[in-house]
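Trainee: Got a predicted structure plus its sequence, pasted below:
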Amino acid sequence: MTDVAVLFFVSVKANYTAPAVFLGWLWRYAETRPGFVCGLTQNGRLMRLLAIGDVHGQSERLAKLLDKVCPQPDDQLIMLGDYIDRGPDSRGVVDRLIRLQRDWPGAVFLRGNHEQMLLDALYELNLMEDWQSLQSYPGTPDWPPGRAVMLHGINGGDATLSSYRQGSSGAEDQLGVNSLYRAIPQSHIDFFRNTLLFFRYGRFLFVHAGTNPEDPMGAESGPFDLLWSRTFVPCYIDGERVTVVHGHSPRTLPLITRAEINLDTGAGFGRELTCCDVFSGKFWQV
C-alpha cells in the first residue's frame, strides 16, 4: 500500500464511519508508516509536523525554504538546531529565527552542539577578563584553558564571529577573542540559552543529534547524546516505539525510516537545506 493510500484512508477514518475491523487494521498499519498522519485541523486541512535540519549560517537558504514550505497557523514547526557556524550569515539566521519565534509562538527551537559550543565559549570567557588572562588560567587536565573557545573556533565559529563583526579581520591579536564574542547581541545569547534539548510530539521524538536508547530524553545521562551522538538504534519511551527526528549527521539526501528521520543534508557545506513534514514524509529543499 502506498503512503498516498494511507493518507486517504486515515482521512476517511477522521470523517466517515467504516467497518470497525477493517478500519482498525488499516489504522494500525498507518501507525507503522514513517508518514503517519495523526489528524485534521479544525478547518479540515491535514496538519503538518514540519522539521527543518541544520541551517549553519545559510540565511538566504532558510528564507527561501520557509517561503517554499509556507507554514500555516495550524502547522507545528520544529527547528533541529545548529543554526550557526560554517555558513556566511549566522547573525542573519538568528535574526530571522527570533522574528519567527515572535510571529509563531508555538514554534520549537532545539539546541544543537554548535549553539552549545558557543555558549561554552562565552561561559569560559566570562571567567576571565580577556584572552591573555584566559591563557594564564591553570585549567584542569581534562579541560585546559581556552579549550571551549578553541573548540568553537575550529568547528566554524570563526565564520559566526565574522558575521557579528562585519568589516573586521577577526584576528585575535587585533580585536581580542573577548571583544569578538561580546559583539554578539544579548538577545541572540538569550535565544541560544532558551533553546530546548528535545521535543516530543506523539510517537516522534525531536532532538538535534541522537539518543541514548536507555535514556532517550537524557533524564539521567544528561544532554551529551542529544547534542553529539551519532548512534541510532530503535528507541522506546514508556514501552512505546518512537521515531527519532534529528540532524547533526550530514548526508546527501534525507533519511526517512521507522526508526529515524535525518534531515541534515549538508547546508553547512554548501549543500541543500531540508524541511520535512514527518506526518506525510514529504520534504522540501533549497
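Mentor: Now that the structure is in, tell me what you want to look at. Residues are numbered from 1 along each chain as shown.
Trainee: Going by C-alpha atoms from here, please, whenever you check contacts or count neighbours.
Mentor: Fine.
Trainee: All the helices of the stretch 1-150 of the chain, residue numbers only.
Mentor: 3-15, 20-31, 59-69, 90-103, 113-126, 131-136, 147-152 (DSSP state H, counting those that start in this stretch).
Trainee: By mean pLDDT, show me the worst of these.
Mentor: Note on the helices of the stretch 1-150 of the chain: lowest mean pLDDT is at helix 3-15, with a mean of 36.
Trainee: Output the below-cut-off pLDDT ranges for the protein.
Mentor: 1-45, 127-145, 167-175 (pLDDT under 70).
Trainee: Go again with 80.
Mentor: Applying pLDDT under 80 to the chain flags residues 1-45, 127-145, 166-178, 220-221, 232-233.
Trainee: care to break it down by domain?
Mentor: Taking automatic domain parsing as the criterion, the chain consists of the domains 49-111+195-285, 115-190.
Trainee: ok now the longest one, how far from the chain's centre?
Mentor: The one in question is domain 49-111+195-285. 3 Å (CA atoms, centre = their mean, to the nearest Å).
Trainee: Now do the end-to-end distance for it.
Mentor: 16 Å (CA to CA, to the nearest Å).
Trainee: same check, this time on the last one
Mentor: With CA to CA applied, domain 115-190 spans 11 Å between its terminal residues.
Trainee: what does the helix or strand containing residue 158 rub up against?
Mentor: Assigned by DSSP states H and E, residue 158 falls within helix 158-164. With CA atoms under 8 Å, 6 or more residues apart in numbering as the test, helix 158-164 has contacts from 57, 84-91, 152, 168-170, 180-181, 183-184.
Trainee: switch the cut-off to 7 Å
Mentor: 84-91, 170, 180-181, 183-184 (CA atoms under 7 Å, 6 or more residues apart in numbering).
Trainee: how about stretch 240-253: buried residues?
Mentor: 242-250 (16 or more other CA atoms under 10 Å).
Trainee: let me redo that: stretch 147-165
Mentor: Going by 16+ other CA under 10 Å, stretch 147-165 has these buried residues: 148-149, 151-153, 156-165.
Trainee: wait, which of the residues you listed is closest to residue 113?
Mentor: Relative to residue 113, the closest of the buried residues of stretch 147-165 is residue 152; by CA to CA it sits at 9.7 Å.
Trainee: hang on, that closest one packs against residue 118?
Mentor: Yes: Residue 152 lies in contact with residue 118 (CA atoms under 7 Å); the separation is 6.1 Å.
Trainee: I'd assumed residue 200 was in a strand, is it?
Mentor: Yes: the assignment for residue 200 is a strand, going by DSSP: H, G, I helix; E, B strand; the rest coil.
Trainee: which non-adjacent residue is nearest it?
Mentor: residue 206 (6.0 Å; CA to CA, 6 or more residues apart in numbering).
Trainee: and what of residue 157?
Mentor: Nearest one to residue 157, counting by CA to CA, 6+ apart, is residue 85 at 5.0 Å.
Trainee: tell me the contacts of the one you found?
Mentor: Residue 85 neighbours (CA under 7 Å, 6+ apart): 56-57, 114, 156-157, 159-160.
Trainee: Widest-spaced pair of these?
Mentor: Top of the distance list for the contacts of residue 85 (CA to CA): 114 and 159, 12.1 Å.
Trainee: returning to that earlier point: from the buried residues of stretch 147-165, which is closest to residue 78?
Mentor: Nearest to residue 78 among the buried residues of stretch 147-165, with distances taken as CA to CA, is residue 160, at 22.3 Å.
Trainee: Between the two ends of stretch 183-202, what distance do you get?
Mentor: End to end - CA to CA - stretch 183-202 spans 40 Å.
Trainee: Now it: buried residues?
Mentor: 184, 191-192, 195-199.
Trainee: mind listing the strands for the stretch 101-250 of the chain?
Mentor: Applying DSSP state E, counting those that start in this stretch to the stretch 101-250 of the chain gives strands spanning 108-109, 198-201, 204-207, 235-237, 240-246.
Trainee: Which one of the ones you listed lies nearest to residue 125?
Mentor: Using CA to CA, the strands of the stretch 101-250 of the chain put strand 108-109 closest to residue 125, at 25.2 Å.
Trainee: From residue 222, how far out is residue 152?
Mentor: From residue 152 to residue 222 the distance is 21 Å (CA to CA).
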